[in-house]
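Asker: Attaching a predicted model along with its sequence, questions to come.
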Amino acid sequence: MKDLNHVLNEMKIMNFKKIGDDEYTNECLMEFKDIEVLNHLIKYYGKEHMERIQKSMTQTFLYTTIRVNTMNTNKDKLLIDLSNHFKTNEKSIENQEIFTNFKSFNDILNNIENNNNDNDNNDEIKNQISKDTIFIKTIGPLIPKPIYPQIIVDLICGEAVLRGSNIFSIGVLGSNKYIKKGNMVSVFVTIDSRVSKGEIFEDCFKEKCAFIGNGISLLDRDDYHQTRVGVAIEMTERLYVCPPLNSVLEDKMFLQHLPSIYTVYQLEPKLGDKIIDMCAAPGGKTTLIASLIQQFEINNNQNNQKYQNNNEIKTEIFALDKNKGKVKKIIDLCKRLSLDKYVTCLAKDSSKLTKENQQDPLDKIRFQSNSFDKVLLDGPCSGLGSRPRLIESSSLVDLTNSSEFQKKLIDQAVSLLKPGGILVYSTCSINPEENELNVSYLLNNYPEMKLIPQIPHISQPGLPNCGLTEQQCKLVSRFDPSDSNIGTIGFFIAKFTKIKN
Ligand SMILES: C[S@@+](CC[C@H](N)C(=O)[O-])C[C@H]1O[C@@H](n2cnc3c(N)ncnc32)[C@H](O)[C@@H]1O
């Protein structure tokens, strides 16, 4: 076995460096394939702030957030189901303890409010989010010590490992020559994609890659590339410990980041509303809207029984997406969560809803201007807020295309909204041109629209010098990935109303 110390001292590009005898620190910054994109962001954020963001982007979000599907269970029952799941499926007792240390929304708010000193007193949304959401805190970064032998995985696999996954054969690129089933191995993720499938290499420290933990090989080396299914490495020492929950209790819960949940609550869906989710796939926000409507309906029915008045209030939810295949996924999700009776899913281009192409006479009626009480525009974006991410591959042209297309969708969203209704605009991007500058575009072009407050305000204000006044900045929500109190993905939300004449 080689002595690692000499290489660790010399490392420049790894995500950790030696800081003492047997001690390492995590120093990874997200890299940009197109340096122009980084310079573009530095223009708005400044170099220091951007560096903090780059660092946080390589780290796993602070909480795994679980939305309770109230149609099929409730929070108390789901907490028991989750505890049982972890006891049965998680071998490490330590991890079982970490994963069942469930947090509440109030725990998260305490963390934020101490710092934001936000004194708004609206408890309705707080209570609702608390009642239907479970948080599990990520532990890390931990600093396991790298060893030999080593394997290199691709970026998609590496980012999944940072989110709690094990390593499937399909993600393994190269490895040292001799690895036997049962060996402990160190896992690295390639940064520059130079390593090809099946490659044998001598030393990860000579490659451009980042260390993401250690695990036990469940296969001999040769078998990594013979099979394309199944787990190849079970991770035992991770940089970040968070629960692997994909495909778990799928009818009872939905994994959704806090800013996405918060976006839907800001839309304030109510019984009797005509609601449109303009860009809905895969349906995360649509199904939360439907689930809130379902809860209102149950409460309303109980009250109606009390007063022997059985008036049904008709609520309409339209979930649109341009992509037919994705619409099928929204339909499947609605069925799985038993919410299908609430939602009409349609394959449509939302940038043309009230303008051209209304060949269907029904669409002419459905998508009339000024006809929706609630409009959600969570449109296509550059995704520059997704984390954990080691490399950002968008180009400057991608960013411009994104913000220009969002303007077309904004034009339609404003047109569809009823006077007095609510429009919520959101992106999972940190690019001000898709966020603050698009809000400024909307306000400048539609004087009938005004920004309204988001309560409780749980994130950072908008960036200054991006087209919004100081007051307007306070009205938008900017989930900054470098804000370690909340530790979410990068996200942006603006909430508007249309002034009645
Ligand atoms: C950020 S995702 C939406 C996520 C979704 N709101 C959720 O919470 O699950 C953006 C979606 O916009 C869709 N999209 C892109 N262009 C569109 C258009 N012109 N009309 C409607 N949908 C569009 C994409 O197919 C993609 O599914």
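Answerer: That came through, no problem.

Asker: What backbone torsions are found at the residue nearest to Arg389 when sequence neighbours are not counted?
Answerer: Using C-beta to C-beta, 6 or more residues apart in numbering and skipping the chain neighbours, the partner closest in space to Arg389 is Met57 (5.2 Å). Using the backbone N, CA and C atoms, a C-beta is placed for each residue, glycine as well. When read as degrees, to the nearest 10, the backbone of Met57 gives phi -60, psi -30.

Asker: now Asn127
Answerer: phi -60, psi -40.

Asker: So what's the residue count around it?
Answerer: As a burial measure, Asn127 scores 12 neighbours (other C-beta atoms under 10 Å).

Asker: Chain neighbours aside, what residue packs nearest to Asp132?
Answerer: Val68 (4.7 Å).

Asker: Contacts only, for Tyr63.
Answerer: Applying C-beta atoms under 8 Å, 6 or more residues apart in numbering, we find Tyr63 in contact with Lys103, Ile108, Phe135, Ile136, Lys137, Thr138, Leu258, Gly487, Thr488.

Asker: Closest to Asp222 out of those residues?
Answerer: Thr138 (34.8 Å; C-beta to C-beta).

Asker: about what we covered before: list the contacts for the residue nearest to Arg389?
Answerer: Met30, Arg387, Pro388, Arg389, Glu392, Pro481, Gly490.

Asker: Let's verify whichever residue of the stretch 51-200 of the chain sits closest to the ligand: helix, strand, or coil?
Answerer: Residue of the stretch 51-200 of the chain nearest the ligand, by C-beta to the nearest ligand atom: Arg67 (11.3 Å). Under DSSP: H, G, I helix; E, B strand; the rest coil, the three-state class of Arg67 is strand.

Asker: do Lys495 as well
Answerer: Per three-state DSSP, Lys495 ends up strand.

Asker: and it, what does it touch?
Answerer: Gln266, Ile422, Leu423, Val424, Tyr425, Leu451, Ile452, Pro453, Gln454, Leu475.

Asker: ok, residues contacting stretch 190-197?
Answerer: 13, 31, 152-155, 158, 173-174, 201, 207-210, 225, 390-391.

Asker: one more time with 7 Å, if that's ok
Answerer: 31, 152, 154-155, 173-174, 201, 207-210, 225, 390-391 (C-beta atoms under 7 Å, 6 or more residues apart in numbering).

Asker: same check, this time on stretch 407-422
Answerer: Contacts of stretch 407-422 (C-beta under 7 Å, 6+ apart): 267-268, 276, 278, 350-351, 353-354, 367, 369-375, 377, 379, 423, 425, 438, 441-442, 446, 449, 495, 497-501.

Asker: Of the residues you listed, which fall within the contact range of the ligand?
Answerer: Ser350, Ser351, Gly379 (C-beta under 6 Å from any ligand atom).

Asker: Please name the nearest non-neighbouring residue to the first one.
Answerer: It refers to Ser350. Met278 (4.0 Å).

Asker: Likewise for the second one?
Answerer: Spatial nearest neighbour of Ser351, excluding adjacent residues (C-beta to C-beta, 6+ apart): Lys408 at 4.3 Å.

Asker: Torsion angles phi and psi at that neighbour?
Answerer: phi -60, psi -40.

Asker: Need phi/psi at Asp154.
Answerer: Backbone torsions of Asp154, given as degrees, to the nearest 10, read phi -80, psi 170.

Asker: Out of the contacts of Met57, which is nearest to Lys181?
Answerer: Pro388 (28.8 Å).

Asker: where's the closest one, which helix or strand?
Answerer: For Pro388, there is no host helix or strand (DSSP states H and E).

Asker: Next, the contact list for it, please.
Answerer: Taking C-beta under 7 Å, 6+ apart as the test, what Pro388 contacts is Met57, Thr58, Gln59, Thr60, Glu159, Leu162, Arg163.

Asker: Adding pLDDT, secondary structure and distance to Ile129, write the residues you listed out as a markdown table.
Answerer: Listed next are the contacts of Pro388 as a markdown table, based on pLDDT from 0 to 100; DSSP: H, G, I helix; E, B strand; the rest coil; distance: C-beta to C-beta, whole Å:
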| residue | pLDDT | secondary structure | distance to Ile129 |
| --- | --- | --- | --- |
| Met57 | 94 | helix | 25 |
| Thr58 | 91 | coil | 28 |
| Gln59 | 91 | coil | 24 |
| Thr60 | 93 | coil | 22 |
| Glu159 | 92 | helix | 27 |
| Leu162 | 92 | helix | 26 |
| Arg163 | 92 | coil | 22 |
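
Asker: List only those of those flagged as buried.
Answerer: Buried members of those, scored by 16 or more other C-beta atoms under 10 Å, are Met57, Thr58, Gln59, Thr60, Glu159, Leu162, Arg163.

Asker: Contacts only, for the fifth one.
Answerer: The one in question is Glu159. Pro388, Arg389, Leu390.

Asker: Tell me if the longest helix belonging to the chain is near the ligand.
Answerer: In the chain, assigned by DSSP state H, the helix with the most residues is helix 284-307. Yes - Helix 284-307 comes into contact with the ligand (C-beta under 6 Å from any ligand atom), by way of Gly284, Lys285.
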